[in-house]
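In: Sequence and predicted structure below; questions after.
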Amino acid sequence: MSDQPTVALIGAHGHGRSHTARLEQFEAQGLLTFSAVVDPVAPPTQRRRPWFAGVDELLAAGAIPDVAILCTPIHTHAPLATTLMNAGADVLLEKPPTASAAGFRALVETEWATGRRCQVAFQSLGSHSIERIRGLVADDAIGAVRHFGGAGAWLRDTRYWARSAWAGRRVLDGVAVVDGVVTNPLAHATATALRLAGAGRAEEVAAVDVELYRANPIEADDTSSVVVTTTTGTRIALGLTLCAQWPGQPVVTIHGERGRIDFYYTLDVIRIAIDGRPPVVEKHGRTDLLVDLLDARAHDRPLLSPLTDSGAFMAVLEAVRTAADPRPIAEPLVCWVEDSAGRHPVVADVERWIDRVATEGYGFEAVGAPWARREPA
């Protein structure tokens, strides 16, 4: 019998397919045993390893894994992660960790009570670029930090919002889902900026201001700005959209008095621009968060993306959840196109306004975005 840790995948379709590929790769390298797949619909992998229709069936069969990768709809994260940790499994939990602050606090309590480990799959937090950037800031390479900015301009076509019953929903059957640009597709931008700003826990966030808009006929936001103020007075401003003309590389920027550092977090690339010097571009490595979890288990050390350090991100999610419903962007500012990416809306000049939020450090209304006109109080 193999002495490698057993890992089960909960949720094999959609993003679960990328987890399947990584699990098969790591199993081939001898790092783990890919022990089971759990999904209501049997995937092709069920021919090669045990398949269960649900977590209850997995546990009833006594097939409790050492680690469970939880890649299921957002509103199922909290109950399933709770069940798995109570059963004795450590969890790699897809983002966002839960759909509410209350659910998050309860899950943290479960982690403490069971003594299990829960790693949140903000993959960018495994990037070695983060320590490099922190070192540069600590060494005063760009002078005093003025603010942190984030810009994400992606596109999603109509098929994305039609892929499941919970896609693009704020609430489903009375249960919070909170599936929008801030909390799901570009959640990594927020989590990465918070990590670089030194804010991990909820109590390190003093205020969150969100402006939520939508061009698609959905409940959730697809074009939003977020301004976070930490308890140390640091400001983080993010402009995010899924309604760009073309998808670009999302970036988190540290703006200093003598320059800036751009972190293209999906690429593990940083660009260091110090006043009076040619910019320098560096490519760094990344530690896979599943590998990190397995190593933390083996050597009893802290995780790179522990559940408790998602508290600040959850303060942002809670602000989105409790905000008024996203306001539709006026039709003259939205152009529907059909191209190689599918049918999708493009918000006029949205990339410009996203960049202004990130560069100036304020939300859409303050920078003058034409769709951003708040209702009088």
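Out: Nice, thanks for sending it over.
In: any idea how far Ala28 is from Ala36?
Out: To Ala36, Ala28 is 17 Å away according to CB to CB, to the nearest Å. No exception for glycine: its C-beta is placed from N, CA and C like everyone else's.
In: swap in Gly361?
Out: Shown here: Gly361 relative to Ala36, a distance of 47 Å by CB to CB.
In: So, low pLDDT: which residues of the chain?
Out: Counting by pLDDT under 70, the chain shows low-confidence ranges at 1-2, 45-47, 374-377.
In: one more time with 90
Out: Using pLDDT under 90 as the threshold, the predicted model of the chain has low-confidence ranges 1-3, 13-14, 41-49, 373-377.
In: hmm, back to that, what about Ala28 and Ala36, which has more around it?
Out: For Ala28 and Ala36, the more surrounded residue by other CB atoms under 10 Å is Ala36, and the numbers stand at 23 against 9.
In: residue contacts, the more buried one?
Out: When contacts are counted by CB atoms under 8 Å, 6 or more residues apart in numbering, Ala36 touches Thr6, Ala8, Leu9, Arg49, Pro50, Trp51, Phe52, Leu58, Ala63, Pro65.
In: was I right about the last one contacting Thr6?
Out: I take that to be Pro65. Yes: with contact defined as CB atoms under 8 Å, Pro65 and Thr6 form a contacting pair (4.5 Å).
In: Between the two, which contacts overlap?
Out: Residues touching both Pro65 and Thr6 (CB under 8 Å, 6+ apart) are Ser35, Ala36.
In: Just the closest of the contacts of Ala36 to Val316, please.
Out: Taking CB to CB as the measure, Val316 sits nearest to Leu9 out of the contacts of Ala36, at 27.9 Å.
In: quick one: what helix or strand has that closest one in it?
Out: For Leu9, the enclosing helix or strand under DSSP states H and E is strand 6-10.
In: Next, please give the residue ranges for the strands of the stretch 101-250 of the chain.
Out: Taking DSSP state E, counting those that start in this stretch to define them, one finds strands in the stretch 101-250 of the chain at 118-120, 145-153, 171-172, 175-176, 205-214, 223-230, 235-241.
In: Out of the contacts of Ala36, which end up buried?
Out: Applying a neighbour-count criterion of 16 or more other CB atoms under 10 Å, the buried members of the contacts of Ala36 are Thr6, Ala8, Leu9, Arg49, Trp51, Phe52, Leu58, Pro65.
In: Return the two entries of these that lie farthest from one another.
Out: Thr6 and Trp51 (14.8 Å).
In: Which parts of whichever helix or strand comes after the strand holding Leu9 count as buried, going by neighbours?
Out: Proceeding N to C from strand 6-10, the next assigned helix or strand is helix 16-28, under DSSP H and E. For helix 16-28, a neighbour-count test (16+ other CB under 10 Å) marks Gly16, Arg17, His19, Thr20, Arg22, Leu23, Phe26, Glu27 as buried.
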